[in-house]
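J.: When you get a sec, could you give me coordinates for this:
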Amino acid sequence: MMFDLNEKVAVVIGGGGHLCSAMADGLAKAGAKIAILDIRPHNASKEYPSFYVDVVKKISIEAALSQVLQQYDKVDIVINGAGINDPSPFLDITLDKWDAVMDSQITGTMLGCQVFGKHMLENGGGSIINISSASAGPPLSKAFAYSVAKAGIKNLTQNLAREWATSGIRVNAIRPGFFPTEWNRKNFITPERHEDIIRHTPMKRYGKPEELVGCAVWLASDLASFVTGAEIAVDGGYSCMTI
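T.: I've put the predicted structure just below:
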């Protein structure tokens, strides 16, 4: 079965979080061996080996890769899903807050691709799955720093797909729509904003984390062997909606 990920090792960066934990479970059910990397590894599922990582520090990612290789000997699949957001208005955001969003999102994704991509080049191939967003373009209001970072992740994904296409490494991105966490509901989704989101989503509802699993397993599997540089929307139709 081509969806079978048996004998594959998947590293999920940010795997203690809302969306990445569901994708980790989905890859595991497809047969992959899972390693979770997170700045709070104690929040991750106890089912999988979990290791500390600070994605803004290359030395930390390299140390985490070494720990994963001691456990599994190789890495075939990487999901780069770490990152934070900040709701500060443009004229009010501090440089520290801007840097925190940029570092955790685009720099963290770049370093994850760099460290694990080097291993995959040495190992003869692999699949890297980055996490873009519906805000990557056009941008989402109240999330301009996050939107800028996600647009960068989309561009980085396309650049690396082109760079590594003949080396057996596929680099793609998943573009989630609205999968709100409690933090999102508290900081972003007012009643008015909720109505706007639902009106702009043809399916008229939010996504459930497990609804990202099919896309993640497909991109990780041999069924997507000719897919690279793609940004796959999983958004209930949000990206195709106008009026």
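
J.: Spatially nearest residue to Asp235, not counting backbone neighbours?
T.: Nearest residue to Asp235, sequence neighbours excluded (CB to CB, 6 or more residues apart in numbering): Gly177, at 2.7 Å. Where you see a C-beta, it was placed from the backbone N, CA and C, and this is true even at glycine.

J.: For the longest strand along the chain, list the C-alpha coordinates in CSV.
T.: Taking DSSP state E as the criterion, the chain has its longest strand at strand 169-176. Extracted in CSV, the C-alpha atoms of strand 169-176 (Å, rounded to 0.1, in the frame of the first residue of the first chain):
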residue,chain,number,x,y,z
ILE,A,169,14.0,15.5,-1.4
ARG,A,170,10.5,16.8,-1.8
VAL,A,171,9.5,20.1,-0.1
ASN,A,172,5.9,21.1,0.2
ALA,A,173,3.6,23.1,2.4
ILE,A,174,0.2,22.6,4.0
ARG,A,175,-1.9,25.8,4.0
PRO,A,176,-4.4,25.4,6.9
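
J.: coming back round to it: need the contact list for the residue nearest to Asp235.
T.: 134, 201, 206-207, 233-236, 238-239 (CB atoms under 8 Å, 6 or more residues apart in numbering).

J.: can we see that at 10 Å?
T.: Under the criterion of CB atoms under 10 Å, 6 or more residues apart in numbering, the neighbours of Gly177 are 133-135, 197, 200-201, 203, 206-207, 211, 233-239.

J.: Show me what the helix or strand hosting Gly117 is packed up against.
T.: Using DSSP states H and E, Gly117 sits in helix 108-123. Packing partners of helix 108-123 (3 or more CB pairs under 10 Å, 6 or more residues apart in numbering; DSSP states H and E): strand 9-13, helix 58-72, strand 77-80, strand 126-131, helix 144-164, strand 169-176.

J.: Tell me how far the residue nearest to Lys57 when sequence neighbours are not counted lies from Val56.
T.: Spatial nearest neighbour of Lys57, chain neighbours left out: Leu111 (7.9 Å); criterion: CB to CB, 6+ apart. Note on Leu111: its distance to Val56, by CB to CB, to the nearest Å, is 7 Å.

J.: higher neighbour count, these two?
T.: The residue with more neighbours, out of Leu111 and Val56, is Leu111; 23 against 18, by other CB atoms under 10 Å.

J.: how near is that one to Phe3?
T.: Counting by CB to CB, the gap from Leu111 to Phe3 is 30 Å.

J.: now do Lys74
T.: Distance of Lys74 to Phe3, computed by CB to CB: 20 Å.

J.: Between the two, which has more neighbouring residues?
T.: Relative neighbour count places Lys74 above the other of Lys74 and Phe3, with 16 against 13, counting by other CB under 10 Å.

J.: on contacts alone, who are the packing partners of the helix or strand bottoming out on mean pLDDT in the chain?
T.: Here the helix or strand of the chain ranked lowest by mean pLDDT, DSSP states H and E is helix 182-187, holding a mean of 80. On a contact count with 3+ CB pairs under 10 Å, 6+ apart, helix 182-187 meets helix 18-29.

J.: Ends of stretch 9-26, what's the gap?
T.: One end of stretch 9-26 to the other measures 13 Å (CA to CA, to the nearest Å).

J.: Name the residues of it that are buried.
T.: For stretch 9-26, burial by neighbour count (16 or more other CB atoms under 10 Å) applies to 9-17, 19-26.

J.: What of stretch 120-130?
T.: Residues 120, 126-130 are the ones in stretch 120-130 that count as buried (16+ other CB under 10 Å).

J.: Stretch 23-40 now?
T.: Across stretch 23-40, burial judged by 16+ other CB under 10 Å covers 23-28, 30-39.

J.: Equivalent analysis for stretch 235-243, please.
T.: Going by neighbour count (16+ other CB under 10 Å), the buried part of stretch 235-243 is 235-236, 238-239.
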